[in-house]
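Trainee: The following block contains a protein sequence and its predicted model.
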Amino acid sequence: MIPIFMKMHIREKNKNKIRLFIPLICIWILVAAIMIALSPLILIAALISWPFGYGKNLLLIGPRLFFVIGALSGLVVQVEGSDEKVYIYIK
Amino acid sequence: MSEERRKILEMLAEGKISTDEAEKLLAAISADEPEKKEKQPDSGAEKQSPKYLRVVVEPAPDNKEGEKVNIRVPMKLLRAGIKLASIVPVDVQGKVDEALKEKGIKLDLSQITEDNMEELVEALSDLTVDVEGKEKVRIFCE
């Protein structure tokens, strides 16, 4: 399942805290719209590069990137130092 | 010695069964035992594959300025990354392999297939790395 949101907390000493809640679903909708708009160009590029062996790879980039994005769900990165703290959670 | 074997030998000692009958019973038990042993690896294979790779770094108690690190990477991301790497053109893969070799990593990306990745993920389920020094480092799968 593609990740729905991302939480990001950044705290630095003597600086303001940054707390972000990013609804990734909005970004995915935008990315999907861009991919749909670019799909004819990608198809043409794949047809042109097919004799050279790169056409199949070009067509597979989209689905494989989709799998990578879908696999990001559950990623946690947390680093705490004496002066700073970073927390990233993708779900 | 299994319980069944013990009972058979007790019955033989008490004279309840003859030597031939005891031998037949023991042979029958021996025939059943390999089947039971074959079933045991199946129960081991039902062990779930790990879902996350965890890296935890904690500073030593006397190190107040140390950093704490907690990273959880979904195993699906590793699989998806391998699938993405498989569409890299061959000539580019060669350059990547050379760059890795210069860094001391002898890895041939073209040899890593989906089946190899599944075996690697299954093997990672038993991986545990514990290092204690100035910092305590733990790498494990869950």
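Mentor: That came in fine, so what should we check first? Numbers count the residues shown, from 1 in each chain, chains lettered A, B, ... in the order given.
Trainee: Nearest spatial neighbour of A:Ile88, chain-adjacent residues omitted?
Mentor: The shortest distance from A:Ile88 to any non-neighbouring residue, by C-beta to C-beta, 6 or more residues apart in numbering or on different chains, is to A:Val77 (4.4 Å). C-betas here are computed from N, CA, C, even on glycine.
Trainee: Summarise which helices and strands the lengthiest helix in chain A is packed against.
Mentor: Longest among the helix segments of chain A by residue count, using DSSP state H, is helix A:24-49. On a contact count with 3 or more C-beta pairs under 8 Å, 6 or more residues apart in numbering or on different chains; DSSP states H and E, helix A:24-49 meets strand A:5-12, helix A:55-71.
Trainee: Which parts of the last one count as buried, going by neighbours?
Mentor: By neighbour count on 16 or more other C-beta atoms under 10 Å in any protein chain shown, the buried set for helix A:55-71 is A:55, A:57-59, A:64, A:66-69, A:71.
Trainee: Equivalent analysis for stretch A:45-58, please.
Mentor: Neighbour-count burial for stretch A:45-58 [16+ other C-beta under 10 Å]: A:46, A:55, A:57-58.
Trainee: For chain B, state which of those residues is nearest.
Mentor: Within the buried residues of stretch A:45-58, the smallest distance to chain B is 4.4 Å, found for A:Asn57 (C-beta to the nearest C-beta).
Trainee: residue contacts, residue 50?
Mentor: Going with chain A. A:Lys56 (C-beta atoms under 8 Å, 6 or more residues apart in numbering or on different chains).
Trainee: Please refer instead to chain B.
Mentor: B:75, B:121, B:124-125, B:141-142.
Trainee: can you do 10 Å?
Mentor: Applying C-beta atoms under 10 Å, 6 or more residues apart in numbering or on different chains, we find B:Pro50 in contact with B:74-75, B:121-122, B:124-127, B:140-142.
Trainee: B:Leu77 too?
Mentor: A:67-75, B:52-53.
Trainee: Contact distance from chain A - what residues of chain B qualify?
Mentor: B:51-52, B:54-59, B:64-92 (C-beta under 10 Å from any C-beta of the partner chain).
Trainee: Just the ones of those residues in helices?
Mentor: Checked against DSSP H, these include these in helices: B:75-85, B:90-92.
Trainee: Show me which of these are buried.
Mentor: B:75-84.
Trainee: Check which helix or strand the nearest residue to B:Ile82 once chain neighbours are set aside maps to.
Mentor: Nearest residue to B:Ile82 in three dimensions, chain neighbours excluded: B:Met117, at 4.8 Å (C-beta to C-beta, 6+ apart). Per DSSP states H and E: B:Met117 is located in helix B:114-124.
Trainee: Could you list the low-pLDDT ranges of chain B?
Mentor: For chain B, residues meeting the criterion pLDDT under 70 lie at B:1, B:32-47, B:109-110, B:112-114.
Trainee: run the last query once more with 90
Mentor: Applying pLDDT under 90 to chain B flags residues B:1-53, B:58-68, B:75-137, B:139-142.
Trainee: just the strands in it please.
Mentor: Taking DSSP state E, the strands of chain B run over residues B:52-59, B:68-74, B:128-132, B:135-141.
Trainee: Any idea which helix or strand in chain A has the lowest mean pLDDT?
Mentor: helix A:55-71 (a mean of 85; mean pLDDT, DSSP states H and E).
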